[in-house]
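Novice: sequence first, predicted model second:
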Amino acid sequence: MKIKLIPILCLALFAAVSCKSEFEKIRSGGDAAKMLEAADKYYEEEEWQKAQTLYELIVGSYRGKKEAEDIYFNYAYTYYYLGRYLLSSYYFKNFSTTFGGSTKKEEADYMIAYSFYQLSPTYRLDQTNTEKAIESFQNFVNTYTQSPRVEQCNRLIDEMRLKLEKKAFEGGKLYFDLRQYQSATQTFENLLKDFPETPNAVEVRYMVVRAAYLLAENSFVERQQERYQDAEEKAEEFVARYDQGKFLKEVENMLAATKKKLKQLEDVRYQNSSARSRS
C-alpha cells in the first residue's frame with residue numbers, strides 16, 4: 001500500500017514545485033504584461049499573497065494608464081483578504097484619493113471604514129480603531145446619503161457605540177470597586193453625556209448617586225458638607241426622575257442618610273460658632 005503511494009506523492013510534489021516555479025518565473029521575468037495577467041488570475045483564484053506580490057511589482061509601471069485603477073483596487077483588497085486590515089484601510093484611502101472619479105470610489109470609501117471595523121477589538125482593549133471606524137462610517141453616510149450601504153453603516157455604528165458604552169460603564173465600575181469614587185462619578189456622568197439614549201441610564205444614574213454618597217462618607221470632615229450636598233442633589237434628581245424601580249428605595253435611603261448627616265454637620269458648625277462667640 002505504501003509503495004503504491006510513492007509515485008502519487010512524487011507527482012504531487014512535482015506539481016507543487018512546478019506551480020511555484022511558474023510563479024517565480026513570472027515574478028522575476030520583468031514582463032509587466034505577463035505579471036498583470038498572472039496577478040489577475042491569482043486574484044480570481046483567491047491566491048491573495050501571490051496576486052499582491054505581482055500587483056506590487058507592476059503598480060508603478062501602469063501609473064497613469066487605464067489598467068492602474070483596477071490594479072490598485074485589487075491590490076488594496078488583497079490586504080483585506082489577507083487580514084491586514086490597517087494596510088487595507090490605508091490603500092483603499094489612497095485609491096479613493098488617487099481615483100476620485102472612479103465608479104469604485106464608493107466601495108473604496110466603505111472599505112476604509114469596514115477595515116477599521118474589522119480591527120475593532122473587545123471592549124476591554126483600546127478602542128482607537130473602533131472610534132476610527134465610527135468616524136469613517138459616519139463620513140460615508142454623510143457623503144453617500146442614497147447608498148444601499150447606509151443602513152448597514154448605521155447598524156455597525158450602533159454596534160460599536162454599544163461597545164464604547166460598555167467600556168465606559170465597566171471603567172466606571174472599576175473605579176467604584178477600587179473606591180476611587182470621584183473618578184467613578186466623573187466616568188458615569190461622562191457616559192450619560194456621550195450616550196444620552198443609553199438603555200442603562202437608570203443603573204448609571206444610580207451608580208452616580210452611590211459613588212457621590214460614598215465619596216462624601218469617606219471624605220475628611222472639612223470636605224464632607226460640600227460632598228454631601230452634591231450627593232443630596234444627585235439623589236433628589238434621581239428620585240424626581242424615577243418614581244419607581246429596583247434602585248429607588250436604596251436611593252431614598254441614601255438621600256435620608258445624607259440629609260441627616262448634613263444636619264449633624266450644620267449642628268456641629270453652629271455649636272463651634274457659638275463656642276467661639278462666647279470666648
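Specialist: Done, it's in.
Novice: only C-alpha atoms for contact and neighbour calcs from this point on.
Specialist: OK.
Novice: okay, helices next: where are they in the protein?
Specialist: In the chain, the helices defined using DSSP state H lie at 2-29, 32-44, 48-58, 68-81, 85-98, 105-119, 128-143, 150-177, 181-194, 201-217, 221-241, 248-278.
Novice: low-confidence stretches in this protein?
Specialist: 1-20, 268-279 (pLDDT under 70).
Novice: report the central residue of it.
Specialist: Nearest to the geometric centre of the chain sits residue 130, at 1.9 Å (Cα atoms, centre = their mean).
Novice: skipping its backbone neighbours, what lies nearest that residue in space?
Specialist: Spatial nearest neighbour of residue 130, excluding adjacent residues (Cα to Cα, 6 or more residues apart in numbering): residue 120 at 4.7 Å.
Novice: residue 132: what's it in contact with?
Specialist: Applying Cα atoms under 8 Å, 6 or more residues apart in numbering to residue 132 gives the contacts 113, 116.
Novice: how close does it get to residue 114?
Specialist: 10 Å (Cα to Cα, to the nearest Å).
Novice: residue 254 now?
Specialist: From residue 254 to residue 114 the distance is 47 Å (Cα to Cα).
Novice: wait, residue 88 touches residue 112, no?
Specialist: Yes: using Cα atoms under 8 Å, residue 88 is in contact with residue 112, at 7.3 Å.
Novice: quick check: neighbours shared by the two?
Specialist: Common contacts of residue 88 and residue 112 (Cα under 8 Å, 6+ apart): none found.
Novice: number of nearby residues for the residue nearest to residue 69 when sequence neighbours are not counted?
Specialist: Closest residue to residue 69 apart from its sequence neighbours, by Cα to Cα, 6+ apart: residue 99 at 7.0 Å. Counted by other Cα atoms under 10 Å, the residues lying close to residue 99 total 16.
Novice: for burial, what's the neighbour tally of residue 141?
Specialist: Neighbour tally, residue 141, other Cα under 10 Å: 19.
Novice: ignore the last one, residue 61
Specialist: Residues lying near residue 61 (other Cα under 10 Å) number 12.
Novice: next one: phi and psi at it?
Specialist: Main-chain dihedrals, residue 61, degrees, to the nearest 10: phi -70, psi -30.
Novice: quick check: chain neighbours aside, which residue is closest to it?
Specialist: Nearest non-adjacent residue to residue 61, counting by Cα to Cα, 6+ apart: residue 32, 7.1 Å away.
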